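> Following is a predicted model, sequence given first.
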Amino acid sequence: MLKIGSQINEVRVDGDLDALRRDLEAFADFGLEAVEIPVHGLDAIRNGKLHRPTLLAARQLVEAFPFAYSVHAPNPLNLMTRERFDLHVAVFRATLEFATEIGAQAVVYHPGRYLSEEAFAVSPGSPQVAEDEKRRLLEREAATLQNLAAEFPELCIAMENARPYRGHSPYCYAEKPVELKAQVRRIARENVRVALDTGHLQMAARFYDLDPAAEAGHLSGLIAHCHVHDNFGDPVYASEKLQTHQLPFGRGDSHMPVGWGGIDFAGILASLLPDYAGLLITELRSRYFRHTRESVQNLAAIVARLRQETEEHRLTARR
């Protein structure tokens with residue numbers, strides 16, 4: 001059953017479980033149905049291992065609320081890393097263990113990057129990766145995800161489409177939905193699916209001259225989870241960090257409330273409904289926390305309108 005909610009912001013919580021509790025209480029007051037938990041925002045994984053006291057405290061908190069839950073894996077997790085690969089696998093496994101313990105239905109994972117965002121500052125320009133090396137990295141990621149999917153068969157591993165960066169793209173194959181789809185097909189496991197991020201899709205569409213609605217349609221049979229947030233679609237350089245500098249020019253991955261930017265949510269979501277049964281998470285920056293209710297209400301109105309249009313078309317077709 002489709003449920004609409006928001007995410008706990010990792011920077012806003014910053015390892016403080018009291019902050020987690022306050023935000024969960026606010027989300028309950030806002031009338032949300034679902035919440036995404038950033039495992040790294042709780043300091044629940046330390047050097048690749050699940051910290052049991054933090055897990056138990058977090059589980060007690062989330063069980064006190066009636067939300068459906070998903071979990072976001074740590075952003076730097078990279079199954080294409082060339083350094084300390086085993087540690088990255090351990091972090092992923094600990095994330096899946098955490099998600100299982102709190103009863104989450106999906107874990108969102110940022111697909112492998114040929115060049116990690118953390119290395120952009122010391123690696124100017126787009127990564128130069130030979131085709132045989134790309135194939136090796138894709139195959140290693142696929143094999144690792146196949147193993148983890150088998151180890152946690154009740155969890156959906158949702159691979160998120162990536163945002164492009166000026167000056168460094170293509171740093172990640174998942175910037176292009178067609179390549180993300182190919183990797184999910186390569187993995188070929190029922191519980192490895194796509195997490196569609198509308199903001200990232202909008203930016204990739206601008207950068208690569210794509211049609212966002214058409215790209216979402218190509219992925220629709222694989223989408224099990226969604227991040228729904230707004231922006232104006234103009235990609236930035238990795239060095240551009242301040243939202244107050246980007247917003248006046250319509251630049252960057254704004255993570256604004258639904259309806260504040262230029263994304264055609266109805267066009268993107270039309271290919272998912274009415275069959276989509278996952279979570280729609282309005283993934284907002286912390287600066288927009290007080291507008292969470294508005295974002296969720298705007299999204300709910302779009303979903304209701306699409307459902308009504310679908311029903312009207314169905315009734316018309318039966319006449």
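Received, thanks.
> What residues of stretch 60-80 count as buried?
61-62, 67-74, 77-80 (16 or more other Cβ atoms under 10 Å). C-betas here are computed from N, CA, C, even on glycine.
> Tell me the one among the residues you listed nearest to residue 1.
Closest approach to residue 1 among the buried residues of stretch 60-80 (Cβ to Cβ): residue 68, at 8.5 Å.
> Once you drop chain neighbours, what's closest to the closest one?
residue 34 (4.4 Å; Cβ to Cβ, 6 or more residues apart in numbering).
> My guess is the one you found contacts residue 69. True?
Yes. Using Cβ atoms under 8 Å, residue 34 is in contact with residue 69, at 7.1 Å.
> Residue ranges in the stretch 51-200 of the chain under the pLDDT threshold?
Under the criterion pLDDT under 70, no range of the stretch 51-200 of the chain is flagged.
> my guess is residue 64 is in a strand, correct?
No. Per DSSP: H, G, I helix; E, B strand; the rest coil, residue 64 lies outside any strand segment and is coil.
> Now it: phi and psi?
phi -80, psi 0 (degrees, to the nearest 10).
> What sits closest to it if chain neighbours are left out?
residue 24 (7.8 Å).
> What of residue 76?
Nearest to residue 76 is residue 118, by Cβ to Cβ, 6+ apart, at 6.0 Å.
> Could you give the number of residues near that neighbour?
13 (other Cβ atoms under 10 Å).
> could you measure residue 74 against residue 237, distance?
Going from residue 74 to residue 237 by Cβ to Cβ, to the nearest Å gives 23 Å.
> swap that for residue 135, please
As judged by Cβ to Cβ, residue 135 and residue 237 stand 29 Å apart.
> I'd assumed residue 218 was in contact with residue 178.
Yes. Residue 178 lies in contact with residue 218 (Cβ under 8 Å); the separation is 6.8 Å.
> in the sheet, who's paired with residue 107?
residue 71, residue 157 (DSSP bridges).
> How about residue 34?
Where residue 34 sits in a bridge, its partners, by DSSP bridges, are residue 5, residue 68.
> what sits against it?
3-6, 67-70, 279-281 (Cβ atoms under 8 Å, 6 or more residues apart in numbering).
> rewinding a little: which one of residue 178 and residue 218 has more residues nearby?
residue 218 (15 against 12).
> So which residues of the stretch 51-200 of the chain form strands?
Using DSSP state E, counting those that start in this stretch, the strands of the stretch 51-200 of the chain run over 68-72, 106-109, 156-160, 192-197.
> picking up where we left off before, can you give me the distance of the residue nearest to residue 76 to residue 26?
The gap separating residue 118 from residue 26 is 31 Å, by Cβ to Cβ.
> pretty sure residue 169 contacts residue 126?
Yes. Between residue 169 and residue 126 there is a contact at 6.4 Å, judged by Cβ under 8 Å.
> And the strands of the stretch 51-200 of the chain: which comes nearest residue 212?
Between these, strand 192-197 lies closest to residue 212; by Cβ to Cβ that is 10.2 Å.
> who are the neighbours of that closest one, in terms of helices and strands?
Judged by 3 or more Cβ pairs under 8 Å, 6 or more residues apart in numbering; DSSP states H and E, the packing partners of strand 192-197 are strand 106-109, helix 131-151, strand 156-160, helix 177-187, helix 212-219, strand 223-227.
> so who does the residue nearest to residue 64 touch?
Counting by Cβ under 8 Å, 6+ apart, residue 24 has contacts 8, 35, 61-62, 64-65, 67.
> If we use 7 Å, what do you get?
Residue 24 makes contact with 35, 61, 65 under the criterion Cβ atoms under 7 Å, 6 or more residues apart in numbering.
> Distance-wise, check the first one relative to residue 108.
Meaning residue 35. To residue 108, residue 35 is 13 Å away according to Cβ to Cβ.
> How about the second one?
Residue 61 sits 20 Å away from residue 108, going by Cβ to Cβ.
> and if you look at residue 72?
Distance from residue 72 to residue 108, by Cβ to Cβ: 5 Å.
> One more: residue 315?
36 Å.
> Please apply the same query to residue 163.
Counting by Cβ to Cβ - residue 163 and residue 108 are separated by 14 Å.
> Between these two, which has more neighbouring residues?
For residue 163 and residue 108, the more surrounded residue by other Cβ under 10 Å is residue 108, and the numbers stand at 28 against 24.
> what number of residues lie near residue 173?
Neighbour tally, residue 173, other Cβ under 10 Å: 21.
> Could I get the buried residue list for stretch 295-304?
295-300, 302-303.
> Pretty sure residue 148 sits against residue 91.
No. Residue 148 lies out of contact with residue 91 (Cβ atoms under 7 Å); the separation is 11.4 Å.
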